[in-house]
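*Asks:* structure for this input, please:
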Amino acid sequence: MDFLAEFPSKKSSIQFNHAAICPLPARAAAALAVYAGNLSSRGGLDWRDWPAKADEVRGLAARLVGSDERVGGAASISIVPNTTWGLDIVAQGLDLSPGDSIVTTASEFPANLTPWVALEKNGVVVRRVPTRDGAFTAEDIIAACDGTTRLASVSLVAFHTGFRAPVEALGAHCRSRGILFGLDGIQGVGAQRVDVSGWNVDFLSADGHKWMLGPEGCGILFTTPELRARLAPPPGWTNLERAHGADYRVPSKPVYRSDGVRFEPGALPTPALYALAASLALLLEIGLPEIEVRIARTLGVLVEGLPRLGFEPVLFGGPPRSGILAARPPAGKDARYFQKRLADENVVVSAREDFLRFSPHVGNDEGEAERVLGLLKKL
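*Replies:* As a prediction, the model looks like this:
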């Protein structure tokens, strides 16, 4: 594959910030232009073609997260505006009682914390398990669960350090106890193998603008059929159980769809769907095994070179298990200083929680990592 052609951003910059905002692949930008051109020249004449693009995204996303027929396949995928929206659907749709508890961690990104904290006003207890640079064990979460626990939700990958959660053990425990198990998957989906079916995941939410290589404002929510049946749908009209546009009269007791469309109450982000479909197809064409290998090679150069410059990579006892590598800067140095100076050289990284965070994707390579190390040496 010609990665320079697929990722034209490589010609003028080094994009090591996929944990924040990705550069659009060329084919995604082209798909966006096709939609824009059609809308400009024909307006809404071709609107009947648009739902097919949503179906395409659902099918591709199902393959990417491992939603096979055992958990509903593509029918278990909803299109959502962002990760937070998907988690809010679960939080607001559950019928929890005072005294029920939810378990998460103390270092979650706000998207996977505020939806649960909002339920405290109803008497729901939220337990935040302490972490060590975002890391925790399955036993840490399990110890926080008891007979009142109805749900556990963690990040598949910690946003600041790249720690990968012990999802297999957590999913197995929660399923055996009748506890819902959910993932904020935004820092993992698209960068590594995800298996919601094998991991006993009940819900996963992820926006497309990071590792899925899509634009902002278009993400996915996976829910099992059993969970969807429990969740109250957001009031709307496109998620009603009827033929689209056949009858706009709403009955006194609206009946909502049972598949993933249940959580799509209004118009979808059609332009973003065109781009995201192209990006998801690209990821599946390359294949998750190849994506993981290419990311690991690029990060491996950084892991080896950063300590020679006084940086301390956060490794959790082994090589990186995600697309994120965090490093503590040399003593007395601020990560934001390096972020800004690298940006001056068209190298994009992030400063998060006092770490300098590197997050390359499949389009990056070892040569770019060597150039980043060279720039850091000068700084």
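*Asks:* all contacts plus neighbour counts: C-alpha atoms, from now on.
*Replies:* Noted.
*Asks:* for the closest residue to Ser153 other than its chain neighbours, give the beta-bridge partners.
*Replies:* Spatial nearest neighbour of Ser153, chain neighbours left out: Gly182 (4.5 Å); criterion: C-alpha to C-alpha, 6 or more residues apart in numbering. Beta-bridge pairing for Gly182 (DSSP bridges): Ser153, Phe203.
*Asks:* so Gly182 touches Ala206, yeah?
*Replies:* No: applying C-alpha atoms under 8 Å as the test, Gly182 and Ala206 come out as separate, 11.4 Å apart.
*Asks:* contacting residues around the residue nearest the centre of the chain?
*Replies:* The structure's the chain has its C-alpha centroid closest to Ile186; by C-alpha atoms, centre = their mean the separation is 1.4 Å. Contacts here follow C-alpha atoms under 8 Å, 6 or more residues apart in numbering; on that basis Ile186 touches 83, 156-157, 205-208, 210-211.
*Asks:* can you redo those as JSON lines with secondary structure, pLDDT and distance to Val194?
*Replies:* Below are these laid out as JSON lines (DSSP: H, G, I helix; E, B strand; the rest coil; pLDDT from 0 to 100; distance: C-alpha to C-alpha, whole Å):
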{"residue": "Thr83", "secondary structure": "helix", "pLDDT": "98", "distance to Val194": "16"}
{"residue": "Leu156", "secondary structure": "coil", "pLDDT": "98", "distance to Val194": "9"}
{"residue": "Val157", "secondary structure": "strand", "pLDDT": "98", "distance to Val194": "11"}
{"residue": "Ser205", "secondary structure": "strand", "pLDDT": "98", "distance to Val194": "12"}
{"residue": "Ala206", "secondary structure": "strand", "pLDDT": "98", "distance to Val194": "12"}
{"residue": "Asp207", "secondary structure": "strand", "pLDDT": "98", "distance to Val194": "15"}
{"residue": "Gly208", "secondary structure": "coil", "pLDDT": "98", "distance to Val194": "15"}
{"residue": "Lys210", "secondary structure": "coil", "pLDDT": "98", "distance to Val194": "15"}
{"residue": "Trp211", "secondary structure": "coil", "pLDDT": "98", "distance to Val194": "12"}
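*Asks:* neighbour count for these - can I get that in a markdown table?
*Replies:* Below are the contacts of Ile186 laid out as a markdown table (neighbours: other C-alpha atoms under 10 Å):
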| residue | neighbour count |
| --- | --- |
| Thr83 | 23 |
| Leu156 | 23 |
| Val157 | 27 |
| Ser205 | 32 |
| Ala206 | 29 |
| Asp207 | 29 |
| Gly208 | 30 |
| Lys210 | 26 |
| Trp211 | 31 |
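*Asks:* out of the residues you listed, flag the one nearest to Glu368.
*Replies:* For the contacts of Ile186, the minimum distance to Glu368 (C-alpha to C-alpha) is 18.3 Å, reached by Trp211.
*Asks:* what about the residue lying closest to that closest one once chain neighbours are set aside, how many residues nearby?
*Replies:* Nearest non-adjacent residue to Trp211, counting by C-alpha to C-alpha, 6+ apart: Gly190, 4.8 Å away. When neighbours are counted by other C-alpha atoms under 10 Å, Gly190 registers 29.
*Asks:* cool, Ala152 as well?
*Replies:* Per other C-alpha under 10 Å, the neighbour tally for Ala152 reads 24.
*Asks:* now Glu69
*Replies:* 12.
*Asks:* okay, it and Val196: tell me how far apart.
*Replies:* From Glu69 across to Val196, the span is 11 Å (C-alpha to C-alpha, to the nearest Å).
*Asks:* also Met212?
*Replies:* From Met212 over to Val196 the distance is 16 Å, taken as C-alpha to C-alpha.
*Asks:* more neighbours, these two?
*Replies:* Per other C-alpha under 10 Å, whichever of Met212 and Val196 has more neighbours is Met212, with 29 against 26.
*Asks:* who touches that one in this structure?
*Replies:* 189-191, 276, 279-280, 283.
*Asks:* between the residues you listed, which sits nearest Gly300?
*Replies:* Gly300 has its nearest neighbour among those in Ala191, at 15.5 Å by C-alpha to C-alpha.
*Asks:* now stretch 277-287: buried residues?
*Replies:* Buried residues in stretch 277-287, counted by 16 or more other C-alpha atoms under 10 Å: 277-284, 287.
*Asks:* same question for stretch 321-336.
*Replies:* Buried-residue list, stretch 321-336, by 16+ other C-alpha under 10 Å: 321-329, 335-336.
*Asks:* these in helices, which ones?
*Replies:* Taking DSSP state H as the definition of helices, these contribute 335-336.
*Asks:* what number of residues lie near Leu231?
*Replies:* Residues lying near Leu231 (other C-alpha under 10 Å) number 18.
*Asks:* can you check the one 3 residues further on too?
*Replies:* Pro234 is surrounded by 16 other residues when neighbours are defined as other C-alpha under 10 Å.
*Asks:* ok, it touching Ile89?
*Replies:* Yes: at 7.3 Å, Pro234 counts as touching Ile89 under the criterion of C-alpha under 8 Å.
*Asks:* so what sits against both of the two?
*Replies:* Going by C-alpha under 8 Å, 6+ apart, residues that sit against Pro234 and also against Ile89 are Phe263.
*Asks:* returning to what we had before: what about the residue nearest to the centre of the chain, distance to Gln192?
*Replies:* Distance of Ile186 to Gln192, computed by C-alpha to C-alpha: 11 Å.
*Asks:* and for Ala232?
*Replies:* For Ala232, the distance to Gln192 equals 31 Å [C-alpha to C-alpha].
*Asks:* residues contacting the nearest residue to Pro307 once chain neighbours are set aside?
*Replies:* Leaving aside its chain neighbours, Pro307 sits nearest to Pro313 (7.3 Å; criterion: C-alpha to C-alpha, 6+ apart). Going by C-alpha under 8 Å, 6+ apart, Pro313 touches 303, 306-307, 325-328.
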